[in-house]
Structure formats: C-alpha cells, structure tokens
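Student: Predicted model and sequence follow; I will ask about them next.
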There are 2 protein chains.
Amino acid sequence: MNKVTLKDIANEVGVSITTVSNVLNNKNITSYSEKRKQQILKIAEALNYEPNLAAKALATQQPNMMAVLLPHYTYGSLQECPFYFYLISGIKNGAHARGLDIIIRFIKANETVEALVAWARGRCLHGIVSVGEISKCLILGLNKLNMPIALVDNYTAFKLKNIHYINTMDEYGGLIAARHLLEQGYKHLCILTSSITEETVDYYRYRGFKKGVQQAGYEESLIVVSTTNYQEGFDISYEVKSMGIDGAFCTSDSLALGLIDGLRSLGVQVPTDLGVIGFDNMSRSRENWLPLTTINQNVIKKGELAVDTLYNHESWGSQAKVSVNLIKRATT
Amino acid sequence: MNKVTLKDIANEVGVSITTVSNVLNNKNITSYSEKRKQQILKIAEALNYEPNLAAKALATQQPNMMAVLLPHYTYGSLQECPFYFYLISGIKNGAHARGLDIIIRFIKANETVEALVAWARGRCLHGIVSVGEISKCLILGLNKLNMPIALVDNYTAFKLKNIHYINTMDEYGGLIAARHLLEQGYKHLCILTSSITEETVDYYRYRGFKKGVQQAGYEESLIVVSTTNYQEGFDISYEVKSMGIDGAFCTSDSLALGLIDGLRSLGVQVPTDLGVIGFDNMSRSRENWLPLTTINQNVIKKGELAVDTLYNHESWGSQAKVSVNLIKRATT
DNA sequence: CTGAAAGCGCTTACAG
DNA sequence: CTGAAAGCGCTTACAG
C-alpha cells in the first residue's frame, strides 16, 4: 500500500511524467491522442493514484487550504454554542466546493500576533476566516500576510486591502424585534445586551432595537449583562421583574431562555405579564417548554458567504450582510 | 512580505542552507559553534522565517496533520449538538501539543469508500480520528491506508492492526442510572433508546440499564425511539404516561429534556409522578427550567485520548474507555 | 566544523 | 504530439 506517484504511472504506461501530469490535470489536453489519454486515466485509476497535495502545493506555489480561526473565549461559553458548528459547516461547504481543505485553529486567550502569524505563514493558505471578536492587533498582524481575510461577526470596520466583513443584519434584527413587541401590545420595553459600545455585534442589535422603540415614540430601559448566557439571564430575572416593564429583548437566545426560566421561578407569566424575544434562532429556542420568539439568522449561509468572499475576492475590503427574519413563537 | 526561505537566511549569514537547516532543527547541533548558531537564529528571527510545511512534509515524508472525520447524519441533529464541539476541542488539544494540525472532513451520507480513501491518501496524515457511527466498509477502506485510526464512540469491535477504539463507559453509565432510579424509590422503570442491537452506543447504555434493573430483581419496560432528540422525547411522552411507569432513563439528554416538557404539557409532575434521567450532561441539561439528572462523561478528555492513542500507537488495536459519573439534579 | 548534491512528488516553460 | 530539465523549499546522507 505504498503511495503511488506520477512516476509509477509513467513507468507503467511507458510515457514521461510530464505527459501523465498533463493528462491528469487536463493541460494541453488537445495535444494528446484520445487513446493515450484513456490509457493513462485507466492506469491511474487502477493504481489508486492520488496526487500528493504537499508536493502539488510546493510546485504550483498555490495554496490549498482555508484556515478557520475560532475564538476561545471562556471555555464553555463558546463551546456550548451549536452556532459555531453551523458556521463551520457553511465554511466547509464553500471550501470543499472549491477543493480546499479547512484547517481549524483556536485562538488562545493570550495569543500573540507573532505566534498566530507564524502559524499562518507556514501553511499553504488560500485565505483566513476569522470568527467573532478578535483583537485589532491580531487582525492587523494577519493582514501583513497579504492574503484575503474574512471577518465573520466582527465590527471593527477596517478599510483595508484584503479585509472583508461578513455580518448579520444585526441592527435591522433589533429593529424588527422592537416593532414586533410593540405590535403585540407591549409598551414598556427593555433590552438586555452585553454591550452598548461600538464594534460589537450586541451593540448593533441594541442600536436597532433602540431605534425601533424611539421611532414609535416610546423609550426603552437598558440592562447591561456581563455575558449573554443562560445563567446570566436566569440571575437577572429578579431585576427585570422589579423594573415594571412588560417586554424584553435579549441579544441572544440563551440569555432569553435563562430569563424566561428565571421569571417563571418568580411567578411572572410569559407572555401575558411579560413578552420576551431572543436573537439567533438556535434550535434550543424552539425546543423549549415555552418556545421562544426570536430573530432568525442563517448561519450556514454566513459561513458559505465567507468562503465565497475570500475566493472571489477583490483585493479591497468588502462588506456583506445576511438577512434576518422574525420567528413568532410562544413568548410574545 | 514575500515568504522567506532557508536560502534567504543562508545568504544573509553567509553559510549554506544545510547549516541553517541543521541549526534551526537542532541537528548535529554540537558540531556548530555557539556563535554561528546564535547568528543564524537571530537572522531567522529578524526575517520572520517560518518553515514551509508542505516542503517539510515532502522532504521528510513525515505527516503533519491529524484528520478528523465527522458524521453528517441528518443535518441539524448532529450539528445542534455541542458535544462534537467539545470533542474537537479535545482533539485539538492533543494534536497541537504535538505540533500537528487538525483538518476536518465531514462524511457525506452517500460517501464512497473510494472518495474518502482518496481524500486521505493525498494528505500528509499522521492518523485519523473518526467520530461516531461510520459504516464498516469505510473503516475497512481507511484501514488499507495503513495508518492508525481512532474510532470514537464506535462499537464495531474490529480486531485489526491500526484500529483503536475510544469509548465512554456507556454500559456502566446505564447501570448506575438504573441503580440511582431504584435508590430514589422508583420501581417501575422504562428505558428509551434508539437501539437494542449491538455495535451502537445506545445498545450499551440500554444493556447496562437492563442489567442494573434486573440485578435488583425488577423488570424494565422498553421504548425504542427513532432518534434521540428533543422532539422525539416530547412526542413520546403521551405513550410514556400511559405505560404506568414511574421512572425513565433516556439514552440522551435531548431526549430526556423533550420527554420532560412533553410530560409537563400532559400534567405529569416530574420528579414526583415520574423520575427522569438522561445521559451526556450537556450544558443544556443544567440550564433548564427543571435541571436534569444525568450521567456525565468527559468529552474533551475523550478527544485528547483519541489523539494520544494515535500518537503512541502500538500497531495492534487497543481499547480505551473514559469514566462516567452521576449528576443528581431536579428530575429524580 | 561545513557544504555540495540528491531527493521528496509535483508543475511548467521550453525544446524537438 | 512528447519529454528532459529546472524548480518549488526543505532534509539528509556523505564527502571533505
């Protein structure tokens, strides 16, 4: 079961490796006789020939991999989230369609620019998909590699060569969340977000929501949470109950789910006493004792889009956003 | 920002590339003067030298990647499960500790042995970690590659060269689930499983549970579900209610969570009317309106173990199992 | 102590 | 229509 090479085929057929290489890669294809071509193809098949990708990459100087950079965040918070799995699926779809492998790299909390750039430099990378928030100096460092980079769910807004952004319509999502709550008759609204400063996903969701509320002539209350997970939502419910509001928008489904369970334990009825809406439409929001109203985003599409962008990239930065829509369930 | 090569360093320092290569790789290291070594190291550093991994792999004929094969199952069922993300984390830990990259490949539903083997043949693979149930002919096909393979959560029990098994103590988990329910005073027990035929994870969980019940002198009822997800659990609850049982063991947390919500909607009180225990201890089982009692397994450890096994492999097949323990929460 | 040379498996002008 | 040869960036006997 030794690796079979071009040479083996060439020997078998009695031609040069040049000819074999050309035929197998459809180069100068017109110049070879049909018979010869079939002959080579047949032998290659019979021998189970498979090109050595490392050699190919070396010879062509062409990259054959797409790197996926994943934030490490706090262990557990990220990893619990099927979201990333979907995203990787999408990236995989895009990459495999073009014959590229995906190679995954987690970014450590204390990752240095040098280490990361060194890592990238050694591989034959076509481009890099970076997911989530990542420090600016890492982005700048990676940019020195002079290869296209797709930043998914990142709002740093660099206007640089090779830097591309792929986002969800987070602001619009916040906007329709507000409108929906108002339409359902909730008037005293509150938003639970992890951030009200720029360059984060949560900020845009917050901003859209605020806009929606104010456009209707109302005002919104604000709760800033430290993380948007279930536990935080559960713990914050006491506060929410005491604020005298009747509708809450959470910037993530996990947060909303925790809030609902917390409210339940305090005897607050959702959706009658209080309406709740989340964001993401993760499967868990549907599979709940009280299915969650939420803003849906197509995560797989986002992953595919990231690869598309890298592949067809204009060297100057681009911006793309995937759409969102409201999914009405039992919590509003 | 062009790639810098050994040649660049050699030119700069004024030595041969052989020398540079030796120094950088700590080969024949005694034979070079300390001064020369420092000199080379300094220039390499200054130039941001990073070895081309493809060239290295070609020259040494040494693999530098670990492949991870992921089942595709039905879209959504797998992907929803953070379980796989943890596993990949563990695999990543093990691989990176040894300077190996991980390269991910999803197995399509209609994957052919040829395609998969061809894929593997072209890369410089150190070994393969395959996750979950995978068809026997794929395993046999991969085995022809003559490289170590770790099968995680797979019970096919081939006694073959290069085939290693990494499992959870599924049977023992089922056993302690049964004992726990009995200790809590539940006597009429039922197991919900997707399989009672060998070579599946669920079979062993089922078998352990059955053993536990019978050892105590009782008998168990059986429900075979088509998949162990939330919806199935929810839908089956009507049946469960009508069976006159007071304790249920579900072979997955998702299934248990669905069952609990289904029972709730039918007015059945958990844990007073009926005790429920799951398996896996996914985060969602803790983050629930009624936290789930379940069997915990260390998935990250399992991933690390898989890589360890491949790395230190004896060529003959091995078997390893990670331990489990019971987590008591509110449903029993 | 150091380097020239062959080789890993492939591609690609270029010559015939 | 086909092949010899150089080259991609590295490693490794081997010779001096």
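Tutor: Great, that's in hand. Numbering: from 1, shown residues only, chains lettered A, B, ... in the order given.

Student: Could I get the full set of helices for chain A?
Tutor: Along chain A, counting by DSSP state H, helices occupy A:6-13, A:17-24, A:34-46, A:53-60, A:82-97, A:113-122, A:136-143, A:170-183, A:201-215, A:230-242, A:253-265, A:283-286, A:299-311.

Student: and of the ones you listed, who's closest to residue B:149?
Tutor: With Cβ to Cβ as the criterion, residue B:149 lies closest to helix A:53-60 of these, at 19.7 Å. To be clear about C-beta, it is placed using only N, CA and C from the backbone, and glycine gets the same treatment.

Student: what mean pLDDT does the closest one have?
Tutor: Mean pLDDT, helix A:53-60: 88.

Student: same check, this time on stretch A:260-272
Tutor: Average pLDDT, stretch A:260-272: 97.

Student: For residue A:280, give me its contacts.
Tutor: With contacts defined as Cβ atoms under 8 Å, 6 or more residues apart in numbering or on different chains, the neighbours of residue A:280 are A:83, A:252-253, A:294-297.

Student: measure the most centrally placed residue in chain A to residue A:130 for me?
Tutor: The centroid of chain A falls nearest to residue A:87 when counting by Cα atoms, centre = their mean (4.4 Å). Distance of residue A:87 to residue A:130, computed by Cβ to Cβ, to the nearest Å: 11 Å.

Student: shared neighbours of these two, which are they?
Tutor: With Cβ under 8 Å, 6+ apart, residue A:87 and residue A:130 have common neighbours residue A:152.

Student: count of residues packed around residue A:26?
Tutor: A count of neighbours around residue A:26, defined by other Cβ atoms under 10 Å in any protein chain shown, yields 8.

Student: How about residue A:260?
Tutor: The number of residues packed near residue A:260 is 29, by other Cβ under 10 Å.

Student: and it, what is it in contact with?
Tutor: For residue A:260, counting by Cβ under 8 Å, 6+ apart, the contacting residues are A:233, A:270, A:276, A:288, A:290, A:292, A:331, B:289.

Student: same thing with residue A:269?
Tutor: Contacts of residue A:269 by Cβ under 8 Å, 6+ apart: none found.

Student: Contacts only, for the residue in the stretch 101-250 of chain A that DNA strand D sits nearest to.
Tutor: Relative to DNA strand D, the nearest point of the stretch 101-250 of chain A is residue A:122 (7.9 Å; Cβ to the nearest atom of the strand). Residue A:122 sits next to B:50-53 when contact means Cβ under 8 Å, 6+ apart.

Student: Run through chain A and note the low-pLDDT ranges.
Tutor: Along chain A, the parts satisfying pLDDT under 70 run over A:1-2, A:29-30, A:73-82.

Student: Could you measure from the residue nearest to the centre of chain A over to DNA strand C?
Tutor: Distance, residue A:87 to DNA strand C, by Cβ to the nearest atom of the strand, to the nearest Å: 32 Å.

Student: ditto for residue A:227
Tutor: Distance from residue A:227 to DNA strand C, by Cβ to the nearest atom of the strand: 49 Å.

Student: what's the neighbour count on that residue?
Tutor: Neighbours of residue A:227 (other Cβ under 10 Å): 15.

Student: of all the residues in the stretch 51-200 of chain A, which ones are close to DNA strand C?
Tutor: A:51-52, A:55-56, A:58-60 (Cβ under 7 Å from any atom of the strand).

Student: Could you check how far stretch A:153-170 is from the centre of its chain?
Tutor: In this view, stretch A:153-170 has its centroid 12 Å away from the chain centroid, taken as Cα atoms, centre = their mean, to the nearest Å.

Student: again with stretch A:263-283
Tutor: Counting by Cα atoms, centre = their mean, stretch A:263-283 comes out at 27 Å from the chain centroid.

Student: buried stuff in that stretch?
Tutor: Judged by neighbour count using 16 or more other Cβ atoms under 10 Å in any protein chain shown, the buried positions of stretch A:263-283 are A:263-264, A:268, A:270-271, A:274-283.

Student: Show the end-to-end separation of that stretch, please.
Tutor: 21 Å (Cα to Cα, to the nearest Å).

Student: Next: stretch A:108-119.
Tutor: 13 Å.

Student: Please list the residues outside that stretch that contact it.
Tutor: By Cβ under 8 Å, 6+ apart, stretch A:108-119 touches A:69, A:72, A:105, A:107, A:137-138, A:140-142, A:144-145, B:48, B:50.

Student: Just the buried positions in it, please.
Tutor: Neighbour count says stretch A:108-119 has A:111, A:116-117, A:119 buried, by 16+ other Cβ under 10 Å.

Student: Then stretch A:226-234?
Tutor: Residues of stretch A:226-234 classed as buried: A:228-234 (neighbour count, 16+ other Cβ under 10 Å).

Student: and what of stretch A:6-21?
Tutor: A:6, A:8-10, A:12-13, A:15, A:19-21.

Student: Next, the contact list for residue A:149, please.
Tutor: Contacts for residue A:149 (Cβ under 8 Å, 6+ apart) come out as A:127-130, A:139, A:142-143, A:162-164, A:310.

Student: Most neighbours among those, which one is it?
Tutor: residue A:129 (29 neighbours).

Student: what sits opposite that residue in the beta ladder?
Tutor: Beta bridges link residue A:129 to residue A:68, residue A:150, judged by DSSP bridges.

Student: Check the spacing between residue A:197 and chain B real quick.
Tutor: 27 Å (Cβ to the nearest Cβ, to the nearest Å).

Student: Not counting its neighbours along the chain, what's nearest that residue?
Tutor: Counting by Cβ to Cβ, 6 or more residues apart in numbering or on different chains, residue A:197 lies nearest to residue A:203, which is 6.0 Å off, once chain neighbours are set aside.

Student: what sits against the one you found?
Tutor: Applying Cβ under 8 Å, 6+ apart to residue A:203 gives the contacts A:155, A:193, A:195-197.

Student: what's the nearest residue to the closest residue to DNA strand C within the stretch 201-332 of chain A if we skip its chain neighbours?
Tutor: Nearest residue of the stretch 201-332 of chain A to DNA strand C, counting by Cβ to the nearest atom of the strand: residue A:311, 18.0 Å away. Distance criterion Cβ to Cβ, 6+ apart; nearest residue to residue A:311, sequence neighbours excluded, is residue A:98 at 6.0 Å.

Student: Can you report how many residues neighbour the one you found?
Tutor: 13.

Student: cool, and residue A:296?
Tutor: Burial measure for residue A:296: 17 neighbouring residues, criterion other Cβ under 10 Å.

Student: Backbone dihedrals for the closest residue to it other than its chain neighbours, both of them.
Tutor: Spatial nearest neighbour of residue A:296, excluding adjacent residues (Cβ to Cβ, 6+ apart): residue A:281 at 3.8 Å. Per-residue torsions, residue A:281: phi 60, psi 50 (degrees, to the nearest 10).

Student: Return the distance of residue A:281 relative to residue A:49.
Tutor: 46 Å.

Student: what does residue A:155 give?
Tutor: Taking Cβ to Cβ, one finds residue A:155 at 47 Å from residue A:49.

Student: Quick check on these two: which one has the bigger neighbour count.
Tutor: Using other Cβ under 10 Å as the criterion, residue A:155 and residue A:49 rank with residue A:49 on top: 21 against 16.
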